[in-house]
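Asks: With the input below, show me the fold.
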Amino acid sequence: MLLGTMRCCFVFVVYFCSSIRLHSMSFFFFKQKTAYEISACLVGSEMCIRDRDWNVIDKVLQAIHDSDSVAFFGTQFSHSAALHFQTDLLMLEKFTMAYMETERQIDCARLMDENSVAIIVTVNGFYARSNSKVLQYLKKSKCKVVLMINNPGIDIGINVNYTIVLGDSEQRKIGKHTLLTAVELMSLRYYSLYYPGIQEKII
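Replies: Numbering: from 1, shown residues only. I've put the predicted structure just below:
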């Protein structure tokens, strides 16, 4: 009897915590707010995603949604932001891969194919210098490559299908803040596009 009660309490806590997170995300959209409108309210134009990048973001989010094999690649702060994005997508029932260790990133890249999506997150472009093996495997796999970077002029050595520019390349010091903003807005945008029935599931 006691064990059954404890199990019920555990299920309720998990459900309650999930509901809080999902309700907080849905608040923006029940208030008729879009990710684009939210970005326009941010202080400083360098913190916002450029208007012309929204079409690219929608294509990236569609690729993420349609693929069964999506992986994030990055190091240090950039990869921490990627892990945050991964968590948001998991809350929206989209599984993606994101490994901190270099060897596991290499193994992940080795297993990707033409139906996979690789998202390289590197604010300053340093990832290409120290992770050549990962890039070689991604190039060999012919997967779709998304690059999130502050300076789009940097050549990472492989074909990039979509580039999301993180603010102004001349303002590199705020690139990390712009990355966090971009991740949050992309999560909200993914929610609005591919998870419209979330309120019904909660209720």
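
Asks: now the chain, which segments are flagged as low pLDDT?
Replies: For the chain, the stretches flagged by pLDDT under 70 are 1-52, 168-173, 196-203.

Asks: got the residue ranges for the helices in it?
Replies: Assigned by DSSP state H, the helices in the chain fall at 2-30, 35-40, 53-66, 76-91, 102-110, 127-130, 132-141, 175-194, 198-202.

Asks: Give the other helices and strands that the third one contacts.
Replies: Which is helix 53-66. Packing contacts for helix 53-66, counted by 3 or more C-beta pairs under 8 Å, 6 or more residues apart in numbering; DSSP states H and E, involve strand 117-121, strand 144-149, strand 162-165, helix 175-194. Where C-beta positions appear, they are placed from N, C-alpha and C, glycine not excepted.

Asks: how about 7 Å then?
Replies: When contacts are defined as 3 or more C-beta pairs under 7 Å, 6 or more residues apart in numbering; DSSP states H and E, helix 53-66 packs onto strand 162-165, helix 175-194.

Asks: Val160 against Val145, yeah?
Replies: Yes - using C-beta atoms under 7 Å, Val160 is in contact with Val145, at 5.0 Å.

Asks: Those two: who's more crowded?
Replies: Taking other C-beta atoms under 10 Å, Val160 and Val145 do not tie; Val145 has more neighbours (23 against 16).

Asks: Okay, and the beta partners of that one?
Replies: Beta-bridge partners of Val145, counted by DSSP bridges, are Ala118.

Asks: The chain should start at 845 in everything you say after this.
Replies: Happy to do that; since the first residue is 845 now, the last one works out to Val989.

Asks: re the thing from before, out of the helices and strands packed on helix 897-910, indicate the one that is most buried.
Replies: Ranked by mean neighbour count, the helices and strands packed on helix 897-910 are led by helix 1019-1038 with a mean of 20 (mean count of other C-beta atoms under 10 Å).

Asks: tilt between that one and helix 897-910?
Replies: Angle, helix 1019-1038 to helix 897-910, by axes from the mean of the first three to the mean of the last three C-alpha atoms, to 10 degrees: 60 degrees.

Asks: Tell me the helices and strands packed up against helix 1019-1038.
Replies: helix 846-874, helix 879-884, helix 897-910, helix 920-935.

Asks: go again using 6 Å as the cut-off
Replies: Contacts defined by 3 or more C-beta pairs under 6 Å, 6 or more residues apart in numbering; DSSP states H and E place helix 1019-1038 against helix 879-884, helix 920-935.

Asks: among those helices, which is nearest Asn899?
Replies: Proximity to Asn899 (C-beta to C-beta) singles out helix 879-884 among the helices and strands packed on helix 1019-1038, at 11.1 Å.

Asks: Could you find the closest non-adjacent residue to Phe917?
Replies: In space, and not counting its chain neighbours, Phe917 is closest to Ile964: 4.9 Å by C-beta to C-beta, 6 or more residues apart in numbering.

Asks: Thank you kindly, that will do.
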